[in-house]
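Student: Okay, predicted coordinates and the sequence, questions at the end:
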Amino acid sequence: MGRTAYCGRVGPERVGETVTVAGWVHRRRDHGGLVFIDLRDRTGLVQVVVSPDAQGAFETADAVRPEWVVSATGVVAARPDGMANPDLLTGTVEVRATALSVWSRSETPPVSPADGANVDERLRLRHRYLDLRRPEVLQNFVLRDRVVFAVRRWMHAHEFLDVETPTLGRSTPEGARDFLVPSRLQPGHVYALPQSPQVWKQLLMVGGVDRYYQIVKVFRDEALRADRQPEFTQIDVETSFLSQNQILELMEDMVRSVFQEALGVQLPAWPRLTHAEALAQYGTDKPDLRAGPPLVDLTAVGQEVEALALPDETRWVGIVAEAAPFSRKQLDTLVDRARDLGAPGLFWIRRTADGVRTNAGRAFADGGAARLADAAGVRPDGLLLVMAGPTGAVHRHAGAMRLEVAAQLGREAPGFHFLWVTDFPLFEWSEDEHRWTSAHHPFTMPHPDDRELIATDPGRARSQAYDVVLNGVELASGSLRIYDSELQAQVFSVLGLTPAETTSKFGYLLDAFRFGPPPHGGIAFGLDRLVMLMAGADSLRDVIAFPKTHTGSDPVMGSPAPADPGQWAELRLTPWATDAPPRP
RNA sequence: GGAGGCGUGGUGUAGCUGGCCUAACACACAUGCCUGUCACGCAUGAGAUCACGGGUUCGAAUCCCGUCGCCUCCGCCA
């Protein structure tokens, strides 16, 4: 064996040297009397030339096939005049082989590393080892490594301790569905895989760790999406004795330094919006700042000019865009799309040389459409989309339409647009369960100004919780935590947890809080999402080496798989027949 | 839990308003020829129970029903 050079790094500076390169046969071009082999490894391609003078090697070159593993020894030579390949990093040189060894053979691969990505993704995932041989696939993992390394370097420099927490834990109420692991030693009892190391890291703060981080797998048994996997990796962080503002600044600095180090990108300071501002301006708690200007509040004018006899509290919201790219038909499509979202309707107002055009008909009193366009600052050849409805719903719909418009324009600004969203509500009303639930999690510190509201008007109480949003994707979520047992008990009671339940479910945390818990707070970043966005990928699957499919199965090993009867017996469990009726 | 899309040699697709399909094309593969190619070229050849099950029909890749798998979205995801 004895490789002395990576294929992709055999450059003109090595001309004259004898090297041994090793890797996979990418392509073979056999000219009868002369054989060219493109040899590929992690770093790229280099052309190996085998001529009939090289006895032994020539016969071998005749036999090799794509994806065989070979090594070639030879002199690095400049290519003859006019024979350079500008598409190849190593295109000005070639390795003139004197020896060629076959280390292993390959059957014809089901997905060809040489033939690009245009293959069914499931097949690529099933044979991920073949997919990974493609440099553009591996590249994402090179980036991921750089990101992780940059995070660790920053953390270490800022005195954060990497402390591991258990993977086998306890199921907790609230939040996502847990993955459960049955205990053999204690039949009938289960562990839960962590949805986050939340409670552990709070206990570490009580333990005086002061600054903790961990790059750690977490698990949530919920429906999957392009940006959601059942197991994923968090950059989990917790600190003591810092204000919310200090935490935000620290974390922003961390991400900035990671972008600088891993991508060479200098990020500007991140804007901050409160949750209420985000909803009002973008109709979502994860605004995509690339998708055009914010929503415009047109309530004052809208209420004045509307001729529909809408309720007094109706809010009016506008989206401003260029008109030119939208045909009449596309505008109709937008109206349909708004209905699909559940919005009552969508008016478009188009400003032309000779006034305005609109689909609003008699919805507005005379000149109403023009007045709305004025109020929204629509320029000539501009377009205004107007929606009306109750606060909240109309913003949500308009926010979705804003993204729809941006998608149709196809002009999302490039780059990384971060922001902080702060002051999330403490509670959300669950229609399903008919009770208050935590907007973030049950340990979230209420906003200091809203303590009274917890008892009197929980829905209006804000929390000291914050999110990092990047290009419309929720990238991180965190909060200051409650460290006072009484306050914690009050929050539990709003959530409808009885003292007996809290003792049984969270007693260990409440116990710890009896022994001097420091003020603390933290955050968790979705590492996979971060890398996905940095890589410009569309799916988490592109940045996870062996991802699960949409239905949670692993195409490589074929998990989940039935357990055999002996395993069930050991656990004292009996699986329900899959065709059995749902449990009562 | 719901909506939509897709499933045809190893791969990507065409065919899918039923018979002309004994399923076409490209790539890959095999054999042979070729000393400057780089998606090499040329010639010849092999390779598919059209995802699975059922139905309609004289006749189904094509129409209908169901199942499975994959993808996207809504619900869900503290």
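Tutor: Here it is on my side, so go on. Keep in mind it's a predicted model, so treat the numbers as computed, not measured.

Student: Specify the local secondary structure of A:A300.
Tutor: With DSSP: H, G, I helix; E, B strand; the rest coil as the basis, the three-state label of A:A300 is helix.

Student: how many neighbours does it have?
Tutor: The tally of other residues near A:A300 (other CB atoms under 10 Å) stands at 10. C-beta coordinates here come from the backbone N, C-alpha and C atoms, glycine included.

Student: Let me see the contact set for it.
Tutor: Neighbouring residues of A:A300 by CB atoms under 8 Å, 6 or more residues apart in numbering: A:A375.

Student: ok, what's across the strand from A:G74?
Tutor: On the basis of DSSP bridges, A:G74 is bridged to A:V19, A:A97.

Student: For it, give me its contacts.
Tutor: If a contact means CB under 8 Å, 6+ apart, then A:G74 has A:18-19, A:48, A:54, A:95-99 as its contacts.

Student: Of those, which is the nearest to A:V69?
Tutor: A:V69 has its nearest neighbour among the contacts of A:G74 in A:V48, at 13.5 Å by CB to CB.

Student: Report the secondary structure element holding the spatially closest residue to A:L273 that is not a sequence neighbour.
Tutor: Of all residues not flanking A:L273 in the chain, A:V421 sits nearest, at 5.5 Å (CB to CB, 6 or more residues apart in numbering). Using DSSP states H and E, the element containing A:V421 is strand A:418-422.

Student: Neighbouring strands of that strand in the sheet, and parallel or not?
Tutor: In its sheet, strand A:418-422 lies beside strand A:272-274 (parallel), strand A:465-470 (antiparallel), with partners assigned from DSSP bridges.

Student: Between these, which one is closest to RNA strand B.
Tutor: Among these, strand A:465-470 comes nearest to RNA strand B, with 8.0 Å by CB to the nearest atom of the strand.

Student: which outside residues touch that closest one?
Tutor: In this structure, residues lying in contact with strand A:465-470 by CB under 8 Å, 6+ apart are A:244, A:248, A:251, A:255, A:270, A:285-287, A:416-424, A:426, A:439-440, A:444, A:474-480, A:523, A:525, A:530, A:533.

Student: what's around the residue nearest to A:L273, how many residues?
Tutor: 26.

Student: What residues does it make contact with?
Tutor: A:V421 is in contact with A:272-275, A:278, A:285-287, A:466-467, A:469, counting by CB under 8 Å, 6+ apart.

Student: cool, and A:T60?
Tutor: A:50, A:70, A:100-102.

Student: And A:W24, how far from A:E428?
Tutor: Distance, A:W24 to A:E428, using CB to CB, to the nearest Å: 53 Å.

Student: actually A:T422, not the one I typed
Tutor: To A:E428, A:T422 is 17 Å away according to CB to CB.

Student: who's more crowded, these two?
Tutor: Shown here are A:T422 and A:E428; by other CB under 10 Å, A:T422 has more neighbours (23 against 14).

Student: Around RNA strand B, which positions in the stretch 301-450 of chain A sit nearby?
Tutor: Neighbours of RNA strand B within the stretch 301-450 of chain A, by CB under 7 Å from any atom of the strand: A:428, A:432, A:437-442.

Student: rerun that using 10 Å as the cut-off
Tutor: A:340-342, A:396, A:400, A:403, A:424, A:427-428, A:430-433, A:437-444 (CB under 10 Å from any atom of the strand).

Student: Among those residues, which are located in helices?
Tutor: A:340, A:396, A:400, A:403 (DSSP state H).

Student: got the contact list for the third one?
Tutor: Right, the one you point to is A:A400. A:283-284, A:341.

Student: do that again at 6 Å, thanks
Tutor: Shown in contact with A:A400 (CB atoms under 6 Å, 6 or more residues apart in numbering): A:L341.

Student: That one and A:S539: what is the separation?
Tutor: For A:A400 relative to A:S539 (CB to CB), the value is 21 Å.

Student: so which of the contacts of A:V421 also contact RNA strand B?
Tutor: A:285-286.

Student: where does the stretch 351-500 of chain A dip in pLDDT?
Tutor: Filtered on pLDDT under 70, the stretch 351-500 of chain A yields the residue ranges A:411-413.

Student: All the helices of it, in order from the start?
Tutor: Here the stretch 351-500 of chain A has its helices, by DSSP state H, counting those that start in this stretch, at A:368-376, A:393-409, A:451-456, A:485-494, A:499-512.

Student: Nearest the geometric middle of chain A, what residue?
Tutor: Central residue of chain A (CA atoms, centre = their mean): A:R529, 2.2 Å from the mean position.

Student: So what does that one look like in phi/psi?
Tutor: phi -60, psi -40 (degrees, to the nearest 10).

Student: what's near enough to touch it?
Tutor: Contacts here follow CB under 6 Å, 6+ apart; on that basis A:R529 touches A:473, A:475.
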